[in-house]
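Visitor: whatever this is, show me its structure:
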Amino acid sequence: MGRGDLTNGQWARLEPLLPAGKKPGRPQTWTRRQLIDGIRWRTRAGAPWRDVPERYGPWDRAYDLFRRWQRDGTWKQIFVQLQAEADAKGLITWDVSVDSTIARAHQHAPGARKKGPSRRSLLAASTPSPTTTAWGARGAG
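Guide: Predicted coordinates for the structure are as follows:
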C-alpha cells in the first residue's frame, strides 16, 4: 500500500457508495480499489495518465473508470453523499466570509475608471484628415 492509498477504514466507508458492477462473469484483474487509488495518485501528483504506477493497474483502465464515472455523475454523487453525512454529524462548518477588498473588477471591466484621455479622443487625434495621405500630398491617387 502506497503512502496516499486508501486505508482499510476509508475503503470500507467508500465501497458501499460505489455503483454495482453490471457485467457478471470473469472476475476483474484489477480491483476497483487499485484503480481508484491510481486515480487518486494521478490527481494528487498532477502527472500524465501514462505515468500512473503499474501497481494501480494499467493507466488506460484507471482513465476509463475516471471518465466513465465523471460523465455519469458518479463522482459527484459520492461527494454529495459524503458531504451530507459529514454535515449531519456536524463535521462541516458553513461559515462564509467575503472581504470586499479582494473582490475587485478587472481593469478592462465595464465601468472601470479611466486614466488619462479617453480612447475615442486618442483615435480621433491619430486619424489623418480625409484630404491628406500618409505622405502629406493632397488627393494623390
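
Visitor: show the pLDDT at the residue nearest in space to the middle of the chain.
Guide: Residue closest to the mean C-alpha point of the chain, counted by C-alpha atoms, centre = their mean, is Thr43 at 10.8 Å. Turning to Thr43, the model gives it a pLDDT of 93.

Visitor: give me phi/psi at Arg13?
Guide: phi -80, psi -40 (degrees, to the nearest 10).

Visitor: neighbours of it, how many?
Guide: For Arg13, the neighbour count with other C-beta atoms under 10 Å is 13. C-beta here means a position set from N, CA and C on the backbone, and glycine is covered the same way.

Visitor: from here on, count from 17
Guide: Got it, first residue is 17 now, which makes that one Arg29.

Visitor: what pLDDT is listed against it?
Guide: So Arg29 comes in at 92 (pLDDT).

Visitor: same question, Pro144
Guide: Note for Pro144: predicted pLDDT of 63.

Visitor: dump stretch 79-86 to PDB, keeping only the CA atoms.
Guide: Taking Å, rounded to 0.1, in the frame of the first residue of the first chain, the C-alpha atoms of stretch 79-86 are listed here in PDB:
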ATOM      1  CA  TYR A  79      -8.500   6.700 -17.000                       C
ATOM      2  CA  ASP A  80     -11.500   4.800 -18.400                       C
ATOM      3  CA  LEU A  81     -13.100   4.400 -15.000                       C
ATOM      4  CA  PHE A  82     -12.400   8.000 -14.100                       C
ATOM      5  CA  ARG A  83     -14.000   9.400 -17.300                       C
ATOM      6  CA  ARG A  84     -17.000   7.000 -17.200                       C
ATOM      7  CA  TRP A  85     -17.800   8.000 -13.600                       C
ATOM      8  CA  GLN A  86     -17.200  11.600 -14.400                       C
END
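
Visitor: perfect, that will be all.
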